[in-house]
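1. let me see the structure of the following:
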Amino acid sequence: MRLRKSKRPTSKQRELAAHWSWIMSKYPSTGANPAPLSEQPVFRRETPRIPSFVTTVEPTSMAKHASPVYTGTKMIGIGTLHKSNSVPVFSEEQAIEISTMRRG
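-> Residues are numbered from 1 along each chain as shown. Alright, predicted model coming up:
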């Protein structure tokens, strides 16, 4: 079995390792062995409880509005122009045109 020859670090690698150790010496709390999670203090922001703004809204103002309904006398019906495209029909001519467009 052949063993791999260990390589020596290059000058650039030694320089980077020295720089890294210098950086790590500036920040000792972020070292390789931080305190276990159970021992770390829990940080919570102490915020006072602020209640929501309450307005004097009547409950009836939030009721569902009635759907708009055509109450005029000009429209004679609803035609289907293409697939589910509904169009209002106001005269017999329009009804005939819509029916001939659909058939061809």
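2. so which residues of this structure form strands?
-> Along the chain, counting by DSSP state E, strands occupy 77-82, 85-89.
3. any chance of those in a markdown table, plus mean neighbour count, distance to residue 18 and mean pLDDT?
-> Any C-beta I mention is one placed from the backbone N, CA and C, and that applies to glycine too. Formatted as a markdown table, the strands of the chain follow (neighbours: other C-beta atoms under 10 Å; distance: least, C-beta to C-beta, whole Å; pLDDT from 0 to 100):
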| stretch | mean neighbour count | distance to residue 18 | mean pLDDT |
| --- | --- | --- | --- |
| strand 77-82 | 12 | 76 | 85 |
| strand 85-89 | 12 | 75 | 88 |
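4. can you put those strands in TSV and add distance to residue 99?
-> TSV is the format used below for these (distance: least, C-beta to C-beta, whole Å):
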stretch	distance to residue 99
strand 77-82	8
strand 85-89	10
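5. can you pull the contacts of residue 75?
-> When the contact criterion is C-beta atoms under 8 Å, 6 or more residues apart in numbering, the partners of residue 75 are 88, 89, 90.
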